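Trainee: This is the structure alone, sequence omitted:
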């Protein structure tokens, strides 16, 4: 049975102007991502992969082309529709974690729900259950700065998943982590994809992580130069069977 | 985002920078407090002045006198006509005549004014010593100037007999004199004119419909009727004055004084408002990255706008309430200190400050307007920030 197309990117171009010079970051890129796929954009710094993610996230405006999410052209969204899209349809995980320092961890995770007019008690309860799932049950009331980098990234992941979005967008989520924490985070992404059937779109320049993806797009100079499909065997199944336990992740 | 959540987030933002919040709130409080203090002084002085010249009775009383081109004379018939006007509660005629007063060997010319016993209340005439009289009593109230002319001391003259000779002119222009012996019941403070008040009933055999009175005190039943009654009497060609005229003048003068005081206090408020604008701009710069994060997470631009605006409004509201309390507290503290000193030297206590409740509420509203006006620009800027630029902001 054919899978549903979640994201359709058609001939998008993006350029920036600096003084008199124009730099084209993305050149007529087209691809489709299906529901439940784990896609990685891989390439060197400055190849345009983060810009591409920002465009899919609705944070960046394209010059030409179309970005359709479940058939809807997001470039036609007004501010309110765009906010609603980011709030409910996608969950973003950043390299810098981007947690609000003056809020507690549970308040950070509850933020997308509160932004969606959910009652505070219900939002906090959901945030606590998300943090427990990510092995952070002892850190509800702490501020993000009291946690390690790996733990902060798990809070950010819990936040990205709080509103139960279809798509997880992650921009170099392991970029600021040590190897152990980075591996843990990648395993969580894999579980989210394989067990919860969420579409994961990730940007990385670490070749070790490409093994998790169903498809890898190789970018260079703003263009997709290669597309590779992974055929997972037992090794991936092993990862998928990994159980997210408090013991394994407790920080 | 729910409004309660916006307020909660705003509050936690404010508490995150406690000392800055306290300083900004204090700035607004000082500005608002200065206005409340100065305006309270303006109102207090105004009320103090009005109280000195009038009472509730005198505010609803009209003074009627003969007009220059009167078609109506102030005679008994006119008195009867005015008493039938709608809204008139009572009329007290006044008949001032030339006369002589004598006590012992001393004798002096005076103005002898025959009045009804309610005249003192209607005129709001306060006695320096003693009491007024009733219509039936053989008593008189005299001026301190008369006491001196008679070679007496105010403390001794009360209850002493005063011989009063009053001269009337009858209808056929002949002069008639009437001798009265009256007990001095009270003294009015007036060191320039020698005069005496006595009950008009004592000369009732000389007053009739033809008597031309010097003046009339017309008391209206309701204060609101005063202008209607006034215009009817003026329509008769008579001259009407009222304490309300003087009060209107005082109100006008103090109105200008208050504007001056508000302008003075506003200087402090303008400085505070600039401080608040500065605080909001700094808050915007400090939280630029947070705004980017919130926008990336899907928080609406309008929610960001309201977060900033409610922050400005909360600061202004707290400053307004604190300032109103501060202004009132300072006013009453100074008043208390003045009265304490006044009591020490045996002087009369006064109320120099008055803060109307409506003014307190308006000034709090005004501080919210200041919050609104200083908060709108940073709030709009916050709402318009590009999320990606904000995320890159360090």
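Mentor: Yes, it's here. Please read all numbers here as calculations on a predicted model, not as lab measurements.
Trainee: switch to C-alpha atoms for all contacts and neighbour counts from now on
Mentor: Fine.
Trainee: residues of stretch A:36-46 that come out buried?
Mentor: Of the residues in stretch A:36-46, A:36, A:37, A:38, A:39, A:40, A:41, A:42, A:43 count as buried by neighbour count, 16 or more other C-alpha atoms under 10 Å in any protein chain shown.
Trainee: Is residue B:198 located within a strand, as I assumed?
Mentor: Yes. Membership of residue B:198 in a strand is supported by DSSP: H, G, I helix; E, B strand; the rest coil.
Trainee: check contacts around it.
Mentor: If you count contacts by C-alpha atoms under 8 Å, 6 or more residues apart in numbering or on different chains, residue B:198 has them with B:112, B:113, B:114, B:115, B:133, B:138, B:139, B:140, B:141.
Trainee: what sits up against the biggest strand by length in chain B?
Mentor: Ranked by number of residues, the top strand in chain B under DSSP state E is strand B:88-103. For strand B:88-103, the external contacting residues (C-alpha under 8 Å, 6+ apart) are B:79, B:82-83, B:107-116, B:118-119, B:150, B:161-168, B:200, B:212-221, B:229.
Trainee: For those, which ChimeraX command selects only the ones that are buried?
Mentor: Applying 16+ other C-alpha under 10 Å to these, the buried members can be selected in ChimeraX as follows:
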select /B:79,82,83,107,109,110,111,112,113,114,115,116,118,119,150,161,162,163,164,165,166,167,168,200,212,213,214,215,216,217,218,219,220,229
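Trainee: State the helix or strand in which residue B:370 lies.
Mentor: helix B:357-384 (DSSP states H and E).
Trainee: So for that helix, what gets flagged as buried?
Mentor: B:360, B:363-368, B:370-380, B:382-383.
Trainee: all strands of the stretch 151-251 of chain A, in order?
Mentor: A:167-171, A:199-204, A:215-220, A:223-229 (DSSP state E, counting those that start in this stretch).
Trainee: What distance do you get for residue A:88 to chain B?
Mentor: Using C-alpha to the nearest C-alpha, to the nearest Å, residue A:88 is found at 8 Å from chain B.
Trainee: What is the neighbour count of that residue?
Mentor: Neighbours of residue A:88 under the rule other C-alpha atoms under 10 Å in any protein chain shown: 22.
Trainee: Can you give me the pLDDT of it?
Mentor: Residue A:88 carries a pLDDT value of 89.
Trainee: give me every residue that touches it.
Mentor: Residue A:88 makes contact with A:116, A:163, A:164, A:165, B:298, according to C-alpha under 8 Å, 6+ apart.
Trainee: If you drop the residues flanking it in sequence, what lies closest to the spatially most central residue of chain B?
Mentor: In chain B, the residue lying closest to the centroid (C-alpha atoms, centre = their mean) is residue B:47, at 3.1 Å. In space, and not counting its chain neighbours, residue B:47 is closest to residue B:354: 7.8 Å by C-alpha to C-alpha, 6 or more residues apart in numbering or on different chains.
Trainee: where along the chain do the helices fall?
Mentor: Reading this off chain A. Taking DSSP state H as the criterion, chain A contains helices spanning A:49-56, A:79-88, A:105-115, A:120-133, A:149-162, A:179-194, A:234-240, A:246-249.
Trainee: try chain B instead
Mentor: Ranges of helices within chain B are B:3-16, B:18-53, B:56-59, B:76-83, B:119-123, B:144-149, B:154-157, B:226-235, B:243-286, B:288-296, B:301-344, B:357-384, B:387-392, based on DSSP H.
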